[in-house]
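In: Predicted model, plus sequence, below.
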Amino acid sequence: MKKIFFAALATAFMLTSHSVCAAIDAAEAENFVKKNTKEGIEEIIDSNISQSEKDKRFEKLFNEALDLKFIGQFVLGRYWRQASPSQKNDFIEVYRQLNIKTWSKRFDEFKGKDFVFEGTSPSTSANQIFVNSKVPMDQGKPVEVVWRVKQNGNHFKVVDIIIENVSLAITARNEYTAFIKNSPTGIDGLIKDLKTKIK
């Protein structure tokens, strides 16, 4: 009886795994990241424009390419469920602004460089896949950049960027949840702190 149960369980697992994998269009996910990185490099990083204009273009690309609500919910962890609707909205907005400022400058290290894509890797999370890339540098070994992409119907969004094995989403989650835990003003304290960092 036990053998029959475990056999049925294994079959159900394989069918479920297959359906999850089948839901992801790996080629389109990779093309999505290629398009956005190409646009980011040619129209933003390599363009001879002011920092303010660069921020505007990066904001547009950032809003279109990333699923900010999904990421924001992840980085707040268990505190997302405790947050009020206004706190959630305020956090997502300040988190968006901070990342635009941070990444419009940080990606300057890829100026004049091209992303070399190396296919995809499966994810254990439903409707998600990893798109692998490297950026050859002038000195040292190439920088490994992995994009976690989530598919919803025919639409794709980036939900994490992993640079040299460091997940930006997990790093933010560890930092923010620790801040909230140790702050007497909790989530409001974090939002205020992030606003200060933006300024």
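Out: Great, that's in hand.
In: can you give me the helices in the chain?
Out: 2-22, 26-40, 51-65, 68-76, 79-82, 85-106, 168-182, 186-198 (DSSP state H).
In: And the longest one, what's buried?
Out: Judged by neighbour count using 16 or more other C-beta atoms under 10 Å, the buried positions of helix 85-106 are 87-88, 90-92, 94-97, 99-101, 103-104. The way it works is simple: take the backbone N, C-alpha and C, and place the C-beta from them, glycine included.
In: re the thing from before, put together JSON lines for the helices of the chain, with mean pLDDT and distance to residue 148 on each row.
Out: Shown next, in JSON lines, are these (pLDDT from 0 to 100; distance: least, C-beta to C-beta, whole Å):
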{"stretch": "helix 2-22", "mean pLDDT": "38", "distance to residue 148": "15"}
{"stretch": "helix 26-40", "mean pLDDT": "93", "distance to residue 148": "10"}
{"stretch": "helix 51-65", "mean pLDDT": "86", "distance to residue 148": "12"}
{"stretch": "helix 68-76", "mean pLDDT": "93", "distance to residue 148": "10"}
{"stretch": "helix 79-82", "mean pLDDT": "96", "distance to residue 148": "18"}
{"stretch": "helix 85-106", "mean pLDDT": "88", "distance to residue 148": "15"}
{"stretch": "helix 168-182", "mean pLDDT": "96", "distance to residue 148": "8"}
{"stretch": "helix 186-198", "mean pLDDT": "96", "distance to residue 148": "22"}
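In: what about the nearest residue to residue 127 once chain neighbours are set aside, how many residues close to it?
Out: Excluding the flanking residues, the one nearest residue 127 by C-beta to C-beta, 6 or more residues apart in numbering is residue 151, at 5.1 Å. Neighbour count for residue 151, taken as other C-beta atoms under 10 Å: 19.
In: Now do the contacts for the closest residue to residue 120 other than its chain neighbours.
Out: In space, residue 120 comes closest to residue 26 once its chain neighbours are excluded; the distance is 4.5 Å by C-beta to C-beta, 6+ apart. Residue 26 makes contact with 119, 120, 129, according to C-beta atoms under 8 Å, 6 or more residues apart in numbering.
In: quick one: terminal-to-terminal distance for stretch 157-177?
Out: Start-to-end span of stretch 157-177 (C-alpha to C-alpha, to the nearest Å) is 24 Å.
In: can you pull the buried residues of that stretch?
Out: Counting neighbours by 16+ other C-beta under 10 Å, stretch 157-177 gives 157, 158, 159, 160, 161, 162, 168, 169, 172, 173, 176, 177 as buried.
In: Also stretch 118-138?
Out: In stretch 118-138, counting by 16+ other C-beta under 10 Å, buried: 120, 123, 128, 129, 130, 131, 132, 133, 134, 135.
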